[in-house]
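> sharing a sequence plus its predicted fold:
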Amino acid sequence: MRQIDFQQKSNKTGKNLLSAEETKRLGLDRPITRRDFIKVITVGAASLMVPGCSGLTPDPTFDLNSPPNPTSPSGNVYFGGNTEDARSVCHQVRDGRHFSRGAESTGEIYDLVVIGAGLGGLTSAYFYNQERPGEKILLLDNHVDFGGDAQRNELTVKGQRIIVTQGCDYQWEIDSEYRAVKKLWADLDIDLSSIEFVPEAYQDHMFINDEWIRDFWETGYNSASSPWSKKVQDDYDAFWEIMGSFKWSPWPKAKASLAELDKISFKEWMEDVNGWDPQLTHLIDMWVRSDYGAGADTLSTACAFWNYSGGGESDNYKWPGGMSGFARYLVNALIPVALNGRDIITGEIDYNALDRSENNIRIRLESTVVDVNHERSAENAKNVLVNFINGGKLYRLRAKSVIMAGGGYMAKHIVTDLPQEQKEAYDKFHYSAYMVANVWINNSRALDKLNFGYSGGIWNPRIANYVTIADGITEEGNDPNRDPERPNCITLWCPQLPDPEFEGDYEEQTKRARAKLNSTSFEDFEILIRQELLDVFGDAGFDPAEDIEGIAINRWGHAEVICYPGFAFGSGSSDEPTPGVPIYDAGQRFGRITFAHTDLNGFADNQGTTRISHRAVKELLD
Ligand SMILES: Cc1cc2nc3c(=O)[nH]c(=O)nc-3n(C[C@H](O)[C@H](O)[C@H](O)COP(=O)(O)OP(=O)(O)OC[C@H]3O[C@@H](n4cnc5c(N)ncnc54)[C@H](O)[C@@H]3O)c2cc1C
């Protein structure tokens, strides 16, 4: 039940008017561990302001401005979302500042430089090294840890170390169709059975009309406690019937259907074509936002079919700390001394070992690449010049080849000799904003009382439309028998929420959502987080003032690319995009540079990222 209606308690200036009693009830005055790495920007538009928070006791552990310690990211040190340094330099580049003049040469020359050490960059380096062992590779990344949005947050509560993801959480499937993906997982020798997600873990409850309905997607929607009318329940059944019966062969026929479906949004298809109730769209929209960061009103129906028409069932794999585990497997294969035999998931990384001159493969963190261009023309150049900022200083090095693995939002700005048409193709990429909040709790008694399992949706969220529990996903592995007395972590998934004023307008929606993400203070997010948890778990005894031990906020300004109608498929095309489709036009090899970031897959997932990385390496070596 909504126990404090915060939204109604703000005045016209957006200033929060929580009383001292309410502040105490939420536990805002309690010193806990708080982590965030973005200084908040003030934006002019009043409509973008989230009520401010006044009167909070400054917390001695609040780490907003102090730099993290890159040599020791274990223990109670967090890295959260985009960092302030990375963001501010990148935005200067976006705004047209040129950085290459006056760069000090490091004297280095590499066979390959990979820009970005997220899963795309690490996988590209791995594939390249498989083909050309012994060649020199450098990965440059602007974060304090490798992994991109698959980095981790961790905190030790009551002696128990709990590791959770900052973003990328599961491997959704390892599809035999994509041989490179299957081979990669086999080569890395990952024991899938130990990380397979047990079906009981998916109970997907729904908090709707102030109560939790169990297993809403499978059995709850038409149970006695469902708030849905018979019509909506029938619409839901019809939805799955269509999704389940879509024929993928013969391929030319499927392709023609997809071309038609790519002309309209998923919401239009559901409501205008099928006449289904908007409540059904609301439910599917929650799912779409989890996967794409933005809603059904912006998603191409072809893209939705591509992902959901298999029936929604797939094998899922997850480590403690989500896909940071996969990043660690890759780093262990590329630079074995970094873990030196320690446990891949829980072992301490020797960050000093990542960038040693004796390594053939090196990872240089906290290095923001600001300018990449061919030395002479792209056709004749023997080298690419790579300029980057590290420790406030501008450096330059040379690479025989470059793979851009940091996202189209930056590739178009920093590859300064990129042809205009390719830049324009990248201009058609739009990204959702996403916040992932991890909240460590010292017990999970309330969740136990609700028999909560693993995850649940929130029908009318303040901020998070989905919550998951680290559950038994702890250092020891999967343990469905959660001990309610043991500390745990709740992850609040906060994609951009519906923006009815700009329905279907992905450009405006993403701009506004990003501005809100960047302008909301930690304190304001903390209030919303605490209230959300009180709303949904308060009746079962959750006490935000006593139960919360730490909060980390991860802000992803360019989280997931929006697969809007025409973005990835295009009229008459298929999963193999053709000229004229943005992902095709943007992803073309340019001279000695290829492109390997997840958005070129049209859908941000790791399987697609692997495919794109494989292609980028192949293009370089062909
Ligand atoms: C909140 C969230 C949840 C997700 N959950 C899942 C999931 O559960 N499963 C799944 O398969 N996928 C998930 N994804 C999709 C995920 O993004 C991809 O699977 C994949 O991790 C992306 O890898 P990437 O290397 O292309 O991009 P990123 O992870 O974004 O890595 C790019 C790296 O390049 C760096 N970089 C950018 N510009 C520069 C520069 N100029 N100089 C130096 N470095 C630079 C970035 O800082 C970053 O570290 C999720 C995404 C988000 C945002």
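Okay, I see it.

> quick one, what contacts the closest residue to residue 98 other than its chain neighbours?
Excluding its sequence neighbours, the residue lying closest to residue 98 (C-beta to C-beta, 6 or more residues apart in numbering) is residue 371, at 7.0 Å. Just so you know, the C-beta spots here come from the backbone N, C-alpha and C atoms, and that holds for glycine as well. Each residue near residue 371 by C-beta atoms under 8 Å, 6 or more residues apart in numbering is listed here: 93, 98, 99, 100, 385, 386, 387, 414, 416.

> change it to 6 Å
Going by C-beta atoms under 6 Å, 6 or more residues apart in numbering, residue 371 touches 99, 100, 387, 414, 416.

> repeat for residue 289
Counting by C-beta under 6 Å, 6+ apart, residue 289 makes contact with 295, 465, 495.

> in three-state terms, label the first one for me.
When the structure is reduced to helix, strand and coil (DSSP: H, G, I helix; E, B strand; the rest coil), residue 295 reads as coil.

> the contacts of residue 371 in helices, which ones?
Members of these lying in helices (criterion: DSSP state H): residue 414.

> quick check, nearest of the contacts of residue 371 to residue 435?
Nearest to residue 435, judged by C-beta to C-beta, of the contacts of residue 371 is residue 414 at 25.5 Å.

> name the nearest residue to the closest one, ignoring sequence neighbours.
Nearest non-adjacent residue to residue 414, counting by C-beta to C-beta, 6+ apart: residue 372, 5.3 Å away.

> for the ligand, see how far away the one you found is.
Distance, residue 372 to the ligand, using C-beta to the nearest ligand atom, to the nearest Å: 9 Å.

> tell me if that residue really is in a strand.
Yes: applying three-state DSSP, one finds residue 372 inside a strand.

> run a quick neighbour tally on it.
Residue 372 sits with 25 neighbouring residues when counted by other C-beta atoms under 10 Å.

> residue contacts, it?
By C-beta under 6 Å, 6+ apart, the contact list for residue 372 reads 386, 402, 414, 415.

> which pLDDT value does the model give it?
For residue 372, the pLDDT comes out at 97.

> so who does residue 396 touch?
For residue 396, the contact set (C-beta under 6 Å, 6+ apart) comprises 103, 105, 385, 387.

> top of the residues you listed by neighbour count?
Within those, neighbour counts (other C-beta under 10 Å) peak at residue 387, which reaches 23 neighbours.

> show me what that residue bridges to in the sheet.
residue 371, residue 396 (DSSP bridges).

> just use 3 as the starting number from now, easier for me
Renumbered: residue one is now 3, and that last one reads residue 389.

> mind listing what it touches?
Residues near residue 389 by C-beta under 6 Å, 6+ apart: 101, 102, 105, 372, 373, 398.

> one more time with 10 Å
When contacts are counted by C-beta atoms under 10 Å, 6 or more residues apart in numbering, residue 389 touches 100-106, 370-375, 396-399, 416, 418.

> if you count neighbours, what's buried in the helix or strand harbouring residue 116?
Take DSSP states H and E as the rule and residue 116 turns out to sit in strand 106-117. For strand 106-117, a neighbour-count test (16 or more other C-beta atoms under 10 Å) marks 110, 112, 113, 114, 115, 116, 117 as buried.

> the first one and the ligand: what is the separation?
It refers to residue 110. Per C-beta to the nearest ligand atom, residue 110 is found 16 Å from the ligand.

> endpoint to endpoint, stretch 536-552 covers what distance?
End-to-end span of stretch 536-552 (C-alpha to C-alpha, to the nearest Å): 16 Å.

> I'd guessed residue 249 sits against residue 258; true?
No: shown here, residue 249 and residue 258 do not form a contact pair, counting by C-beta atoms under 10 Å, at 11.5 Å.

> by mean pLDDT, flag the weakest helix or strand of this structure.
Among the helices and strands of the chain, helix 86-96 carries the lowest confidence by mean pLDDT, DSSP states H and E, at a mean of 70.

> re the thing from before, by neighbour count, which of the contacts of residue 291 wins?
Busiest of these [other C-beta under 10 Å] is residue 297, holding 28 neighbours.

> ok, for that residue, nearest residue in space, not its chain neighbours?
Spatial nearest neighbour of residue 297, excluding adjacent residues (C-beta to C-beta, 6+ apart): residue 287 at 4.9 Å.

> what about the helix or strand in which the one you found is found, near the ligand?
Using DSSP H and E, residue 287 sits within helix 280-294. No: judged by C-beta under 6 Å from any ligand atom, helix 280-294 and the ligand are separated, with a smallest distance of 8.2 Å.

> how about residue 614, what does it touch?
122, 125-126, 407, 585, 589, 596-604.

> repeat that for 7 Å
Contact analysis of residue 614 by C-beta atoms under 7 Å, 6 or more residues apart in numbering lists 122, 598, 600, 602, 603.

> which element, helix or strand, includes the first one?
Counting by DSSP H and E, the element that carries residue 122 is helix 121-133.
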